[in-house]
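> quick check, what structure comes out for this input:
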Amino acid sequence: MKDVLKTFECELTDAKEWFYAEIASLRTGRATPALVEDLLVDSYGAKTPLKHIASISTPDARSLVIQPWDKGALEAIGKAIENSSLNFAPIADGDHIRLTLPQLTEERRKDLLKILNGKAEEVRMKTRRARDETWKEIQQSQKDKVISEDEKFRVKDELQKKMDGFNTELESTREKKEREIMEV
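Below is the predicted model:
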(Lines give C-alpha, C1' and ligand atoms only; values in the text may rest on other atoms or scores of the structure.)
Protein backbone atom coordinates (compact mmCIF):
# COMPACT_ATOMS: atom_id res chain seq x y z
CA MET A 1 0.00 0.00 0.00
CA LYS A 2 2.96 2.29 0.49
CA ASP A 3 3.65 2.08 -3.25
CA VAL A 4 0.11 3.22 -4.01
CA LEU A 5 0.45 6.17 -1.62
CA LYS A 6 3.89 7.07 -3.02
CA THR A 7 2.45 7.10 -6.52
CA PHE A 8 -0.38 9.34 -5.32
CA GLU A 9 2.11 11.71 -3.65
CA CYS A 10 4.06 11.92 -6.93
CA GLU A 11 0.87 12.79 -8.79
CA LEU A 12 0.12 15.53 -6.23
CA THR A 13 3.65 16.91 -6.61
CA ASP A 14 3.35 16.92 -10.40
CA ALA A 15 -0.02 18.71 -10.18
CA LYS A 16 1.43 21.30 -7.80
CA GLU A 17 4.42 21.98 -10.07
CA TRP A 18 2.12 22.30 -13.07
CA PHE A 19 -0.07 24.80 -11.22
CA TYR A 20 2.91 26.89 -10.09
CA ALA A 21 4.26 27.01 -13.65
CA GLU A 22 0.86 27.99 -15.04
CA ILE A 23 0.24 30.83 -12.59
CA ALA A 24 3.81 32.16 -12.77
CA SER A 25 3.07 33.45 -16.26
CA LEU A 26 -0.09 35.29 -15.14
CA ARG A 27 0.69 38.95 -15.12
CA THR A 28 0.36 40.83 -11.87
CA GLY A 29 1.02 44.51 -11.31
CA ARG A 30 4.75 43.80 -11.27
CA ALA A 31 7.16 42.81 -14.00
CA THR A 32 8.63 39.34 -13.63
CA PRO A 33 10.85 37.34 -16.00
CA ALA A 34 8.28 34.50 -15.86
CA LEU A 35 6.05 36.59 -18.15
CA VAL A 36 8.34 36.05 -21.14
CA GLU A 37 10.93 33.40 -20.25
CA ASP A 38 9.10 30.53 -21.96
CA LEU A 39 8.23 32.54 -25.07
CA LEU A 40 9.44 30.59 -28.12
CA VAL A 41 11.87 32.48 -30.35
CA ASP A 42 12.86 31.37 -33.85
CA SER A 43 16.60 31.21 -33.30
CA TYR A 44 18.82 29.66 -35.98
CA GLY A 45 15.90 27.76 -37.48
CA ALA A 46 14.68 26.24 -34.20
CA LYS A 47 12.05 27.38 -31.72
CA THR A 48 13.93 28.08 -28.50
CA PRO A 49 12.60 29.37 -25.15
CA LEU A 50 13.70 32.96 -24.56
CA LYS A 51 15.36 32.05 -21.25
CA HIS A 52 17.81 29.83 -23.18
CA ILE A 53 19.09 32.59 -25.47
CA ALA A 54 18.94 35.74 -23.33
CA SER A 55 19.11 37.09 -19.82
CA ILE A 56 15.92 38.70 -18.51
CA SER A 57 16.03 41.29 -15.76
CA THR A 58 13.60 43.62 -14.02
CA PRO A 59 15.20 47.03 -13.45
CA ASP A 60 11.98 48.32 -11.86
CA ALA A 61 8.46 47.14 -11.05
CA ARG A 62 6.99 47.86 -14.51
CA SER A 63 9.72 47.02 -16.99
CA LEU A 64 11.74 44.09 -18.27
CA VAL A 65 15.11 44.17 -20.02
CA ILE A 66 16.00 41.29 -22.32
CA GLN A 67 19.64 41.02 -23.30
CA PRO A 68 20.42 38.24 -25.80
CA TRP A 69 23.74 36.50 -25.52
CA ASP A 70 24.02 36.66 -29.30
CA LYS A 71 23.21 40.14 -30.62
CA GLY A 72 21.98 38.56 -33.88
CA ALA A 73 18.96 37.19 -32.03
CA LEU A 74 17.71 40.68 -31.07
CA GLU A 75 15.38 40.99 -34.08
CA ALA A 76 13.97 37.46 -33.67
CA ILE A 77 13.23 38.14 -30.00
CA GLY A 78 11.45 41.38 -30.89
CA LYS A 79 9.30 39.58 -33.48
CA ALA A 80 8.44 36.78 -31.05
CA ILE A 81 7.26 39.31 -28.47
CA GLU A 82 5.22 41.26 -31.03
CA ASN A 83 3.56 38.07 -32.33
CA SER A 84 2.75 36.75 -28.86
CA SER A 85 -0.50 37.28 -26.99
CA LEU A 86 1.30 39.38 -24.37
CA ASN A 87 0.39 42.72 -25.98
CA PHE A 88 3.79 44.26 -25.24
CA ALA A 89 5.55 46.68 -27.57
CA PRO A 90 9.26 45.77 -27.54
CA ILE A 91 11.68 48.68 -27.78
CA ALA A 92 15.09 47.80 -29.22
CA ASP A 93 17.65 49.80 -27.29
CA GLY A 94 21.10 49.05 -28.68
CA ASP A 95 22.06 45.57 -27.52
CA HIS A 96 18.92 44.82 -25.52
CA ILE A 97 15.12 45.01 -25.67
CA ARG A 98 13.08 46.93 -23.15
CA LEU A 99 9.46 46.08 -22.35
CA THR A 100 7.31 48.48 -20.37
CA LEU A 101 4.25 46.90 -18.84
CA PRO A 102 1.13 49.04 -19.02
CA GLN A 103 -0.96 49.49 -15.90
CA LEU A 104 -3.53 46.71 -15.54
CA THR A 105 -7.14 47.77 -15.99
CA GLU A 106 -9.85 46.54 -13.64
CA GLU A 107 -11.36 44.51 -16.48
CA ARG A 108 -8.04 42.82 -17.24
CA ARG A 109 -7.54 42.02 -13.54
CA LYS A 110 -10.93 40.30 -13.48
CA ASP A 111 -10.01 38.32 -16.59
CA LEU A 112 -6.77 37.23 -14.94
CA LEU A 113 -8.71 36.12 -11.86
CA LYS A 114 -10.98 33.99 -14.07
CA ILE A 115 -7.91 32.37 -15.62
CA LEU A 116 -6.36 31.82 -12.17
CA ASN A 117 -9.53 30.23 -10.80
CA GLY A 118 -9.84 28.09 -13.93
CA LYS A 119 -6.29 26.78 -13.48
CA ALA A 120 -6.99 26.07 -9.79
CA GLU A 121 -10.14 24.12 -10.67
CA GLU A 122 -8.26 22.22 -13.36
CA VAL A 123 -5.60 21.08 -10.88
CA ARG A 124 -8.31 20.16 -8.34
CA MET A 125 -9.99 17.95 -10.96
CA LYS A 126 -6.68 16.25 -11.80
CA THR A 127 -5.99 15.48 -8.15
CA ARG A 128 -9.55 14.26 -7.49
CA ARG A 129 -9.21 11.83 -10.40
CA ALA A 130 -5.87 10.64 -9.01
CA ARG A 131 -7.41 10.19 -5.55
CA ASP A 132 -10.35 8.23 -6.99
CA GLU A 133 -8.04 5.95 -8.98
CA THR A 134 -5.88 5.36 -5.91
CA TRP A 135 -8.97 4.56 -3.82
CA LYS A 136 -10.10 2.02 -6.45
CA GLU A 137 -6.69 0.34 -6.24
CA ILE A 138 -6.96 0.20 -2.45
CA GLN A 139 -10.45 -1.31 -2.62
CA GLN A 140 -9.28 -3.88 -5.15
CA SER A 141 -6.38 -4.82 -2.87
CA GLN A 142 -8.87 -5.47 -0.06
CA LYS A 143 -11.11 -7.55 -2.36
CA ASP A 144 -8.07 -9.57 -3.45
CA LYS A 145 -7.28 -10.17 0.27
CA VAL A 146 -3.93 -8.39 -0.02
CA ILE A 147 -4.89 -6.05 2.83
CA SER A 148 -7.44 -6.22 5.62
CA GLU A 149 -10.54 -4.05 5.83
CA ASP A 150 -9.01 -2.14 8.76
CA GLU A 151 -5.90 -1.48 6.68
CA LYS A 152 -8.08 -0.30 3.79
CA PHE A 153 -9.73 2.36 5.95
CA ARG A 154 -6.43 3.37 7.57
CA VAL A 155 -4.95 3.94 4.10
CA LYS A 156 -8.12 5.77 3.02
CA ASP A 157 -7.69 8.18 5.96
CA GLU A 158 -4.05 8.72 5.05
CA LEU A 159 -5.05 9.34 1.44
CA GLN A 160 -7.62 11.94 2.51
CA LYS A 161 -5.11 13.69 4.81
CA LYS A 162 -2.69 14.05 1.90
CA MET A 163 -5.51 15.38 -0.30
CA ASP A 164 -6.63 17.88 2.36
CA GLY A 165 -3.04 19.12 2.83
CA PHE A 166 -2.69 19.57 -0.92
CA ASN A 167 -5.99 21.47 -1.18
CA THR A 168 -5.01 23.78 1.70
CA GLU A 169 -1.68 24.57 0.04
CA LEU A 170 -3.35 25.07 -3.34
CA GLU A 171 -5.91 27.48 -1.92
CA SER A 172 -3.23 29.42 -0.06
CA THR A 173 -1.20 29.79 -3.28
CA ARG A 174 -4.29 30.80 -5.25
CA GLU A 175 -5.23 33.46 -2.69
CA LYS A 176 -1.68 34.86 -2.68
CA LYS A 177 -1.70 35.13 -6.48
CA GLU A 178 -5.16 36.74 -6.37
CA ARG A 179 -3.87 39.41 -3.98
CA GLU A 180 -0.91 40.06 -6.33
CA ILE A 181 -3.24 40.48 -9.30
CA MET A 182 -5.61 42.81 -7.47
CA GLU A 183 -2.87 45.06 -6.03
CA VAL A 184 -2.91 48.48 -7.63
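> and the residue of the chain most remote from its centre, helix, strand or coil?
Going by Cα atoms, centre = their mean, the residue of the chain most distant from its centre is residue 145, 41.0 Å out. At residue 145 the chain is in coil, as set by DSSP: H, G, I helix; E, B strand; the rest coil.
> break this protein down into its domains, please.
According to automatic domain parsing, the chain comprises the domains 2-24+105-182, 33-100.
> check the average confidence over the shortest one, would you?
When you say that, I think you mean domain 33-100. The pLDDT scores in domain 33-100 average 87.
> how long is it end to end?
Using Cα to Cα, to the nearest Å, the end-to-end distance of domain 33-100 comes to 12 Å.
> try the longest one
Distances were taken as Cα to Cα; on that basis the terminal residues of domain 2-24+105-182 are 42 Å apart.
> chain center to that domain: distance?
Taking Cα atoms, centre = their mean, to the nearest Å, one finds domain 2-24+105-182 lying 14 Å from the centre of the chain it belongs to.
> what's the average pLDDT for it?
Rounded mean pLDDT across domain 2-24+105-182 is 92.
> now do the same contact list for the residue nearest to residue 8 when sequence neighbours are not counted.
In space, and not counting its chain neighbours, residue 8 is closest to residue 134: 4.6 Å by Cβ to Cβ, 6 or more residues apart in numbering. For every residue, glycine as well, the C-beta is placed using N, CA and C. Counting by Cβ atoms under 8 Å, 6 or more residues apart in numbering, residue 134 touches 4-5, 7-8, 159.
> now swap in residue 43 and tell me
Residue 43 sits next to 53, 73, 76 when contact means Cβ under 8 Å, 6+ apart.
> just to check, residue 23 is in contact with residue 177?
Yes: Residue 23 sits in contact with residue 177 when judged by Cβ atoms under 8 Å, with a separation of 5.2 Å.
> who touches both of these two?
Among the neighbours of residue 23, those also in contact with residue 177 (Cβ under 8 Å, 6+ apart) are residue 116.
> how deep is residue 25 tucked in, by neighbour count?
Residue 25: 15 surrounding residues under other Cβ atoms under 10 Å.
> and for the one 5 residues further on?
Here the number of neighbours of residue 30 (other Cβ under 10 Å) works out to 13.
> next, it: secondary structure please.
Residue 30 is classified as coil under three-state DSSP.
> my read: it touches residue 180, true?
Yes: with contacts counted by Cβ under 8 Å, residue 30 reaches residue 180, the gap being 7.5 Å.
> any idea how far the closest residue to residue 28 other than its chain neighbours is from residue 169?
Sequence neighbours aside, residue 180 is the residue nearest to residue 28 in space, at 4.0 Å (criterion: Cβ to Cβ, 6+ apart). Distance of residue 180 to residue 169, given as Cβ to Cβ, to the nearest Å: 17 Å.
> okay, the two: which has more neighbours?
Each of residue 180 and residue 169 has its neighbours counted (other Cβ under 10 Å); residue 180 has more, 17 against 13.
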